[in-house]
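In: turn this into a model:
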Amino acid sequence: MPNRVRGMKLTTGNLHRLGVNLEVTVGPLLYSIGQRVADDMREHVRTDTHRVQEGITVGKVEFKRNRASIKIGPSRKTFWSRFLEFGTVHMGAFPFVRPARDRIRPEIKPRLKRGMKKGLKVG
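Out: Residues are numbered from 1 along each chain as shown. Below you'll find the model as predicted:
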């Protein structure tokens, strides 16, 4: 479930024209935000599911055509985490992925804004 920041394409295009290296400026910011989301997931997943907690990963930041993305969540090794998130016929849902994203969402734009301002001062 992607979390898009509106206006990011325009912003990254403008920053690129100003000579700001997006991979150097935005990459570490996205990774630190990803770590924050992953920590929140680990904190709020059911306590008896240690394997799921250990399996929550943060991927590397990928850049494609002025877009940056990062994958955060349980690894494929812990495939049963989807049963916790969405529930089954025999068990109710114990969501931890979407609530973590929703809790961190208000922090994303301010953190990106502060980081890009620092990138402009450096660049």
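In: how about the strands in the chain?
Out: Taking DSSP state E, the strands of the chain run over residues 56-58, 62-64, 67-69, 72-74.
In: right, so of those strands, which gets closest to residue 39?
Out: Among the strands of the chain, strand 56-58 comes nearest to residue 39, with 8.7 Å by C-beta to C-beta. C-beta here means a position set from N, CA and C on the backbone, and glycine is covered the same way.
In: what mean pLDDT does that closest one get?
Out: Per-residue pLDDT over strand 56-58 has a mean of 88.
In: likewise for stretch 82-93?
Out: 87.
In: check stretch 115-123 too.
Out: Across stretch 115-123, pLDDT averages out at 63.
In: same check on stretch 64-72?
Out: For stretch 64-72, mean pLDDT is 78.
In: burial of residue 115, as a residue count?
Out: 17 (other C-beta atoms under 10 Å).
In: OK, contacts around it?
Out: Listed by C-beta atoms under 8 Å, 6 or more residues apart in numbering, the contact partners of residue 115 are 25-26, 28-29.
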